[in-house]
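> Got a predicted structure plus its sequence, pasted below:
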Amino acid sequence: MVRALGERDVSVLVIDDNSPDGTGELADRLAGEHDYVSVLHRPRKEGLGPAYLAGFQRALADGAELILEMDCDFSHNPGDVPRLIEAAAGADLVLGSRYVSGGSVENWGLVRRFVSAGGSLYARLLLGVRVHDLTGGFKCYRRAVLETIDLQAIDSKGYAFQIETTYRALRKGFSVAEVPIRFVDRQEGHSKMSRAIVLEAIWKVPALRLRALLGRL
């Protein structure tokens, strides 16, 4: 993945939450071989959301104007990176979407498809937004979005993080575009989906809506 991204004229920041499988060591080795790669080591696993927040803060401190998040197991195709960057010329936040025309998901069973697509539909209806894929993790932010949405206030740990960041951006008046992507279930390792992650997303959505109605978002 790192080598593939190196062909796209981007800087790569790898977030390692003290992975026991040697990910951190491999990332350090790649950073030593490629000047476009850097690694942010975190002492312990705190969830998806805190890891992304640490990465966003590092990217902002480094002066990045566009910040793109993606999985590093080829579930997200590095060949789609230029498409998201190009779309960012006309939008503040670009989502790689599985659920718009031209998007697709491969290698998921019926239960996982239902949880993901149903979760996006559930969030879309309760939050009253027109975004089709609220739970995806292939996104490109303009710097101003991350500087405005108050990263310190975001406390989602799992995939609710993706819903929360997009909803906060919409609430602040930023424009959101969706680019169709082909998502392929992770080719290495195991999925991090758990009951706790699903339950967090279920309660987090109405909580976000309530905070918005109360003018606290």
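In hand now; what should we look at? Residues are numbered from 1 along each chain as shown.

> What are the boundaries of the strands in this protein?
For the chain, the strands defined by DSSP state E cover 12-16, 37-41, 66-69, 93-97, 104-106, 139-142, 176-180, 182-184.

> Pick the most buried one from these.
Greatest average neighbour count among these goes to strand 93-97 (a mean of 26), per mean count of other CB atoms under 10 Å. Backbone N, C-alpha and C define where each C-beta goes, glycine included.

> Tell me how far the nearest residue to V14 once chain neighbours are set aside lies from Y99.
Spatially, and ignoring its direct neighbours in sequence, V14 is nearest to A27 (4.2 Å; CB to CB, 6 or more residues apart in numbering). Distance, A27 to Y99, using CB to CB, to the nearest Å: 31 Å.

> Now that V179 has come up, it's in contact with D80, right?
Yes: under the contact definition of CB atoms under 8 Å, V179 touches D80, with a separation of 7.4 Å.

> so what sits against both of the two?
G96 (CB atoms under 8 Å, 6 or more residues apart in numbering).

> quick one on the thing from earlier: quick one: contacts for the residue nearest to V14?
The neighbours of A27, taking CB under 8 Å, 6+ apart as the test, are 2, 14, 16, 37, 39.

> For D16, which residues count as its bridge partners?
On DSSP bridges, the residues paired with D16 through beta bridges are H41.

> related to what we said a few turns ago, which pLDDT value belongs to the residue nearest to V14?
Per-residue confidence at A27 stands at 92 (pLDDT).

> Then E7?
With respect to pLDDT, E7 has a value of 68.

> Just give me the neighbour total for N107.
Here the number of neighbours of N107 (other CB atoms under 10 Å) works out to 11.

> A64 - nearest residue in space that isn't next to it in sequence?
R143 (6.5 Å).

> Then M1?
Of all residues not flanking M1 in the chain, C72 sits nearest, at 4.9 Å (CB to CB, 6+ apart).

> what's the burial count for the one you found?
For C72, the neighbour count with other CB under 10 Å is 18.

> residue contacts, the spatially most central residue of the chain?
The central residue of the chain, meaning the one whose C-alpha is nearest the mean C-alpha position (CA atoms, centre = their mean), is G137 at 3.0 Å. By CB under 8 Å, 6+ apart, the contact list for G137 reads 48, 69-71, 76, 159, 162.
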